[in-house]
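Engineer: quick one, structure for this:
(chains A and B)
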Amino acid sequence: MSAPKDQMTVGKDPTSPVDKGDCAVFKAPDKLSKYVDPSLEGCPPKIDTDAITRAESALEELSTNFDAWIGDHAKQLRKALAEALEAGMRGEAREALFHVAHNLRGDSKTLGYPVVGNVADSLSELLELVPEDVEIPVALIHGHVHAVLAMIREEAGGDDNTTAVALANVLRQATSHWLESKGLDRGPEPVAQAG
Amino acid sequence: MEPIAFNNISVLLVDDNVYMRRIIHALLSAFGIRQVYEADDGEMGLDMFAQFNPDIIITDWSMPRMNGIEMVRAIRKPDESSNPFVPIIMLSGYAEKRRVLEARDAGVHEFLCKPISARALYLRLYSVIAYPRPFMKTTNFFGPDRRRFANPLYKGPEKRDPTAFLDTNEAQRMSAANDGGADASEQAGSGQP
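Structural biologist: All right, here's what the predicted structure looks like:
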């Protein structure tokens, strides 16, 4: 019987190279254990529910700014669209439009506009999946951007707004059909977020 | 039983979105963290990481210039980085499974999808402090152990074995070329680090 080629060793110097098929294991320098009560002796520390409650209150206090912040996102989106269209939906201007849409995708639910987040998600995917040499129908991009702007302007981005939800679904379906027609796969739906 | 003392922990927060930084900063302050450094892209994040040596990094994925994944890969270079072991939490608008796996394979400890909640952020911080993970180095990976648990019954191929997922003939040819024909099935499978 030949020796196993796959070796797992305890490493001493992380800068040392490892051979193909080998794996060195390192105990990471423990800078953070000093913040855990030493009397716990290996037991997990308490989860500080008071700290979580304080943080939820802090978020609640910040929420007075949310309408202004989402309004600022809307301004950025309008500007980014104009610049991207002028640049023929190419290069840095297109990338900037993607970043604005992607930030909206991440922020909108926190800011109280979940349906805006759904539309921004669809727009981000469209800009990310389609190569620059494939022309995206301008109407599809306009449809997304103006839906977002209208929802923000009318404060109609909540998921209890049936018109907004229906519009977001139509845009998502139209995008999926168009991507499919170009042989571009949208992929599986996002994983559910735990915690 | 005492909770974690967050007040002396320093955090580097990297996100191009100023509003998200304000939200995260407010949550961290409410947890008791007083030292929060902010950077608005990966390049600036790397500079601040080298300058301040934070205890924990929280980073966005998609940013202009250098994105979060590129920054994590730069930090996880043991021969170039000032602290390649620093715990990294990725906070992202991406939620697809392939993104989570890509972040893990770049060397992040925890992945948190937006929208963010106070509880979810607290639990990620708690996890990296209360449950420090060993680091693994292979020819193509340096980062926290990607296994959440070791399965002693696992007998399948090892991810770090470059022949593991090739077809049988190709694997045998490579294996013979490398070490005289060791059989992958003789290896003790302990998971896929």
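Engineer: would you map the helices across chain B?
Structural biologist: B:18-31, B:42-52, B:68-75, B:97-106, B:118-130, B:168-179 (DSSP state H).
Engineer: show me where chain A dips below the pLDDT cut-off.
Structural biologist: A:1-8, A:20, A:38-42, A:186-195 (pLDDT under 70).
Engineer: and what of chain B?
Structural biologist: B:1, B:148-193.
Engineer: domain parsing of it, as residue ranges.
Structural biologist: Structural domains assigned to chain B are B:6-144, B:151-193, following automatic domain parsing.
Engineer: re earlier: nearest to residue A:23, out of the helices of chain B?
Structural biologist: In terms of CB to CB, the element of the helices of chain B nearest to residue A:23 is helix B:97-106, at 14.5 Å. For the C-beta atoms, the positions are set from N, CA and C on the backbone; glycine is no exception.
Engineer: counting contacts, what elements does the closest one pack onto?
Structural biologist: Helix B:97-106 is packed against helix B:68-75, strand B:88-92, strand B:110-113, strand B:141-144, with contacts defined by 3 or more CB pairs under 8 Å, 6 or more residues apart in numbering or on different chains; DSSP states H and E.
Engineer: can I get these in JSON lines including mean neighbour count and distance to residue A:83?
Structural biologist: Output for the helices and strands packed on helix B:97-106, formatted as JSON lines (neighbours: other CB atoms under 10 Å in any protein chain shown; distance: least, CB to CB, whole Å):
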{"stretch": "helix B:68-75", "mean neighbour count": "23", "distance to residue A:83": "24"}
{"stretch": "strand B:88-92", "mean neighbour count": "25", "distance to residue A:83": "25"}
{"stretch": "strand B:110-113", "mean neighbour count": "22", "distance to residue A:83": "29"}
{"stretch": "strand B:141-144", "mean neighbour count": "22", "distance to residue A:83": "38"}
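Engineer: out of these, which is closest to chain A?
Structural biologist: strand B:110-113 (4.4 Å; CB to the nearest CB).
Engineer: check what contacts that closest one and list those residues.
Structural biologist: Residues outside strand B:110-113 that contact it (CB atoms under 8 Å, 6 or more residues apart in numbering or on different chains): A:190-191, A:193, A:195, B:87-95, B:100, B:103-104, B:120-121, B:124, B:127-128.
Engineer: once you drop chain neighbours, what's closest to residue A:156?
Structural biologist: residue A:164 (5.0 Å; CB to CB, 6 or more residues apart in numbering or on different chains).
Engineer: now that neighbour: how far from chain B?
Structural biologist: 17 Å (CB to the nearest CB, to the nearest Å).
Engineer: can you check my assumption that that residue lies in a strand?
Structural biologist: No. Under DSSP: H, G, I helix; E, B strand; the rest coil, residue A:164 falls outside any strand and is assigned helix.
Engineer: tell me the phi and psi of the residue positioned nearest the centre of chain B?
Structural biologist: Computing the C-alpha centroid of chain B and ranking residues by CA atoms, centre = their mean puts residue B:108 first, at 0.9 Å. Per-residue torsions, residue B:108: phi -80, psi 150 (degrees, to the nearest 10).
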